[in-house]
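Engineer: Sequence first, then the predicted structure:
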Amino acid sequence: MVGFLQQIVEGLGAGAIYASLALALVLIYRFTGIVNFAQGEMAMFATYIAWQFTAAGVPFWLALVLTLALSFVGGMLIERVVIRPVEGAPELTVVIVTVGLFIFVNAAAGWIWTFLIKDFPNPFPAGAFEAGGLHVGYSTLGILAVVGLVMGLLYLLFQHTRIGLGMRAVAANPESARLVGIRVGWTLALGWGLAATVGAVSGILVAPLLFLEPNMMGGVLIYAFAAATLGGFDSPVGAVAGGLIVGVAETLAGAYVGFVGSDLKVGVPLVIILGVLLLRPQGLFGRAVVERA
Amino acid sequence: MSGSTEVTSKAASAETPGRGRAPGRAATVRWRWIVAALLLAAACYAPFQLVPFHVFQLSMVLVYAVALLGLNLLVGHAGQISLGHGAFFAVGAYTAAILLQRVELPYPLTLPVAAAVAFVLGLALGLPAMRLRGLYLALVTLAIAIFLVPLLKRFEPLTGGSMGLTLAKPAPPAWTGLAEDQWLYFLALAVAVAAFLLAHSLLRSRVGRALHAIRDNEAAAEVMGVRLSFYKTLAFAWSAMFAGAAGCVYTWVIGFVSPDSFVVTLSITLLAGLVVGGLGSFSGPILGGLFVMFVPGIAQDVNDAAPGVIFGLLIIAVMYVAPTGLAGLAGRVTRSIQKILRKE
C-alpha cells in the first residue's frame, strides 16, 4: 500500500509539471482559439535563458525573475510579430505557423547553445520528507507548491483585477469587448505573454529532472496536450486536474502494468487523448461547443 | 479557405476575358500533360547520366514525393492536418522489411501489403480523431509519431529493436542490364508515377470534389450532403496509404530500417516540405521532395541546427506570403510569362 501511495506521490510531482505546461496551452486557447504547438519549445528556450543567467553567476531566484520577465516580453512579441498576421486565418494556417515556430525555436536553441545536454541547478533541496513510510521529495513538494502558487496568482489576476476582467471579456466575445473600449490586440498579446511565463515556469521545473537540451520539452508537450484534452481545452482548472491525473496515470501504468514499463509510458497520453475523444470530447471540465453555421 | 482556390479562380479569370473559357482551359490541360511527359522523359534519362550516389538521391526524392502526395491529399485537399505522417511511413517501411526478412516474400508483393496495413491503421486512428475538428487530428498524429519509436524498439524479435533490420536490396533482373541503383530508381519512379495517377483520378472523382468542399466550407459541404466524418476519415486513410507505400519503397532503396530513422522530426520535416512545396497543388509534392532531400544536406554544412532554422522560417514565411508554396509561385511566374507572350 505504501508503495502504491508512493507511486501516486511521484505521479503528482510529474503531473504538476504537465499541468503547468497545459495551463499555458489553455491560456492561449481561451484567448485566441489557437493551440500553440510551440509552447513547449518556448518553455525550453526560456529555460536556456535561465541557465545562461545562472552560468553567468546570477543567483537562481534572481535569474528566475529575470527569465520570467523576459518570457513575458518574448511571448507578447511572438503574438505581435508571428501570430498577428494570421489572426482569423483558417485553423490549418495557424497550426502550421505554430509548427513552424516550433521547428524554428528548437533549432535556434540548438544553434545558440548546441545540442549537448546541460546540467540545470535544482532550486529545491535534495532530501525527502518522511511520513508513515512515505517519502515525499522536497523537489516534488516544491514543484507542487510552485504550480499551486501560479494557479493562485492567475486566479487573482483573472477574477480580481481590471486587466483580468478585460481578458475574460476578450475571451468571451472579442467584438463586444472591442466595442466597450478594450484594446483586444494588446489583450491577446498579454495572454500570450502570460502563457509564455507560465510555460517558462514548467520548463524551469522540469529541467533539473530531465537535463537541459533542445528536445527536452517534446515529450512533456504531448503529456500537456493529453492533460488539456482530458481537462477540456477551455478550462484552466481542467488543465491542472488533467495534468495531475495524466501524471498519476502515467506513473501507475509504468509501475504496475508490466507490458508498459518505463519505455512505453509515452503511449499513455495517446491512449488518454483517444479515449477522451471517444467518450467525452469536451473533456472533464470543458464546455461542449455548439456550432452555429 | 486556402490560397489555392483563390489562385485557381484568379487563373480562370485571367484566362476568361475575351475568349471562351473552355479553349483556354483545354490548352492549359494539354500543356500540363506535355510538361508532365517531358519531365517523365527527363526522369527516365537522368539515371544514365548521373553517378550512383546522385541516382540514389533522386530515388529518395521520389520516395518523399509519394509520401508528400499522400500528405497533400489530407492537408492540401481536405484541409486536415497531420503531424505524424512519418509514423505511417515507418509502418510501411517496417511492414516491407519484416515481410522481406521474416516471411521472405518476393519484394513486389510487399508494396500492396505495406500500403494496405497503413491504410487500415489510418482508418482505425482516423475514426476517433475525425469526429472532431482538425485540431485533434494534429494532436493524435503527433502522439502517434512520438509513441511509435519506443514501440518499434520494444517488439525486438519482430523489428530488430534499436539495431533495426538490414535487408538485401531488390536485385535488377538480368535482362534489363541495369545497375542496382538504376533499377531501384526505376522501381521508385514506377511507384511514384502510379501514385500520381491514382491521386489524380481520385481528386477528379466525386471524392475529390467532396474533399475540396470540406476544405473550403465544412458547414456548406455538410448541407450539400457530404458526409464529413466519412470523407475526412477516408482522406486520412488514403493519405496514410500513400505514406505506407512510400515507406515500402524506402526500405527497397535503403535496405535498412531502424527506429531512429523515423523519429518525430521526420513527420515534421514532411509537413514542412509539403508546405514549402505547395499545399493543394499537383507539383507541390515533387518540389517538396526535392526540398526535403537536398536543403537539409546543404544547410547542415553551415550548422547542425541550420536546417531547422531554415525550415521553421520558411514555413512561417510561406504561410504569410505564398500559401501555395513553390508550386504556386511557379504557377504565378508561368502565368505572367504567358500573359506577356500573349500580348506580343
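Structural biologist: Yes, it's here.
Engineer: When you work out contacts or count neighbours from here on, use the C-alpha atoms and nothing else.
Structural biologist: Noted.
Engineer: Residue 70: what secondary structure?
Structural biologist: No chain was given, so I picked chain A. Judged by DSSP: H, G, I helix; E, B strand; the rest coil, the three-state class of A:Leu70 is helix.
Engineer: Residues touching stretch A:173-188, excluding its own?
Structural biologist: By CA atoms under 8 Å, 6 or more residues apart in numbering or on different chains, the residues outside stretch A:173-188 that reach it are A:Phe31, A:Thr32, A:Glu79, A:Gly166, A:Met167, A:Ala169, A:Val170.
Engineer: nearest spatial neighbour of A:Leu144, skipping sequence neighbours?
Structural biologist: Counting by CA to CA, 6 or more residues apart in numbering or on different chains, A:Leu144 lies nearest to A:Ala16, which is 5.8 Å off, once chain neighbours are set aside.
Engineer: any idea how far that neighbour is from B:Met319?
Structural biologist: From A:Ala16 over to B:Met319 the distance is 35 Å, taken as CA to CA, to the nearest Å.
Engineer: Equivalent analysis for A:Ile34, please.
Structural biologist: Counting by CA to CA, the gap from A:Ile34 to B:Met319 is 16 Å.
Engineer: sorry, back to before: give me the element the residue nearest to A:Leu144 is part of.
Structural biologist: helix A:2-32 (DSSP states H and E).
Engineer: Quick one: mean pLDDT over the helix or strand just after that helix.
Structural biologist: Heading C-terminal from helix A:2-32, the first helix or strand you meet, by DSSP H and E, is helix A:39-55. Averaged across helix A:39-55, the pLDDT comes to 93.
Engineer: go on, stretch B:33-43?
Structural biologist: For stretch B:33-43, the mean pLDDT works out to 83.
Engineer: Nearest to the spatial middle of chain A, which residue is it?
Structural biologist: Nearest to the geometric centre of chain A sits A:Leu21, at 0.8 Å (CA atoms, centre = their mean).
Engineer: ok, the nearest residue to that one once chain neighbours are set aside - contacts?
Structural biologist: Leaving aside its sequence neighbours, A:Leu21 sits nearest to A:Gly199 (CA to CA, 6+ apart; 5.2 Å). A:Gly199 makes contact with A:Ser20, A:Leu21, A:Leu23, A:Ala24, A:Gln39, A:Gly40, A:Met42, A:Ala43 under the criterion CA under 8 Å, 6+ apart.
Engineer: how about a cut-off of 6 Å?
Structural biologist: Taking CA atoms under 6 Å, 6 or more residues apart in numbering or on different chains as the criterion, A:Gly199 is in contact with A:Leu21, A:Ala24, A:Ala43.
Engineer: just A:Leu194 next, same as before
Structural biologist: Here A:Leu194 is in contact with A:Phe72 (CA under 6 Å, 6+ apart).
Engineer: Give me the neighbour count for the residue lying closest to A:Leu116 once chain neighbours are set aside.
Structural biologist: Counting by CA to CA, 6+ apart, A:Leu116 lies nearest to A:Glu213, which is 6.5 Å off, once chain neighbours are set aside. Neighbour count for A:Glu213, taken as other CA atoms under 10 Å in any protein chain shown: 23.
Engineer: ditto for B:Leu135
Structural biologist: B:Leu135, neighbours per other CA under 10 Å, totals 18.
Engineer: Kindly format the C-alpha coordinates of whichever strand or helix holds it as PDB.
Structural biologist: Following DSSP H and E, one finds B:Leu135 within helix B:134-154. The C-alpha coordinates for helix B:134-154 follow below in PDB (Å, rounded to 0.1, in the frame of the first residue of the first chain):
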ATOM      1  CA  GLY B 134      -8.900  19.100 -37.300                       C
ATOM      2  CA  LEU B 135      -7.000  20.300 -34.200                       C
ATOM      3  CA  TYR B 136      -7.400  16.900 -32.500                       C
ATOM      4  CA  LEU B 137      -6.100  15.100 -35.500                       C
ATOM      5  CA  ALA B 138      -2.900  17.100 -35.200                       C
ATOM      6  CA  LEU B 139      -2.700  16.100 -31.500                       C
ATOM      7  CA  VAL B 140      -3.400  12.400 -32.100                       C
ATOM      8  CA  THR B 141      -1.000  12.200 -35.000                       C
ATOM      9  CA  LEU B 142       1.800  13.900 -33.100                       C
ATOM     10  CA  ALA B 143       1.300  11.500 -30.200                       C
ATOM     11  CA  ILE B 144       1.400   8.500 -32.600                       C
ATOM     12  CA  ALA B 145       4.600   9.800 -34.100                       C
ATOM     13  CA  ILE B 146       6.200  10.100 -30.700                       C
ATOM     14  CA  PHE B 147       4.900   6.700 -29.500                       C
ATOM     15  CA  LEU B 148       6.000   4.700 -32.500                       C
ATOM     16  CA  VAL B 149       9.700   4.800 -31.800                       C
ATOM     17  CA  PRO B 150       9.600   3.100 -28.300                       C
ATOM     18  CA  LEU B 151       7.000   0.700 -29.700                       C
ATOM     19  CA  LEU B 152       9.400  -0.300 -32.500                       C
ATOM     20  CA  LYS B 153      12.200  -0.800 -30.100                       C
ATOM     21  CA  ARG B 154      10.000  -2.900 -27.800                       C
END
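Engineer: Sounds good, over and out.
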